[in-house]
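S.K.: dropping a prediction and its sequence here:
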Amino acid sequence: MQDTGNDTEQRARSSRRSWFILTVGIGLMVVAVAGMILTIRARNSGMPQATVDRDTIDLGTHPYGERVTAAFKLTNTGGGKLEFAAAPDVEVVEGC
């Protein structure tokens with residue numbers, strides 16, 4: 001009978017160890033997933049900021065109605081994702 005008591009006690013200890021290891025493992029996985037979510041949010045947080053590589057574009061003098069093109073670089077210098085819901089408005093200012 002003595003051996004049966006020891007066996008039962010050993011099984012109980014083994015069961016407690018298994019539950020402890022399982023609980024710690026699940027806790028570590030929860031912490032890891034939370035860390036990944038926070039990292040992703042930190043990368044995508046902030047406001048977008050559109051920056052153009054020049055303040056003005058001199059197109060020279062041209063007759064009215066003549067098609068003129070200009071190139072510029074638009075960069076997102078903010079922390080968030082820059083999206084345009086529609087084509088941006090462009091203002092043409094005569095003279096300066």
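M.R.: Received it, and whenever you're ready, just let me know what you need.
S.K.: for residue 6, give its distance to residue 15.
M.R.: 15 Å (CB to CB, to the nearest Å). Heads up, the C-betas are built off the backbone N, CA and C, glycines and all.
S.K.: any weak-confidence spans in this protein?
M.R.: 1-5, 42-45, 91-96 (pLDDT under 70).
S.K.: all helices for it, in order.
M.R.: For the chain, applying DSSP state H gives helices covering 2-44.
S.K.: burial count for residue 78?
M.R.: 13 (other CB atoms under 10 Å).
S.K.: I meant to write residue 79 there.
M.R.: With other CB under 10 Å as criterion, residue 79 counts 13.
S.K.: could you find the closest non-adjacent residue to it?
M.R.: Excluding its sequence neighbours, the residue lying closest to residue 79 (CB to CB, 6 or more residues apart in numbering) is residue 46, at 2.3 Å.
S.K.: contact partners for that neighbour?
M.R.: The neighbours of residue 46, taking CB atoms under 8 Å, 6 or more residues apart in numbering as the test, are 78, 79, 80.
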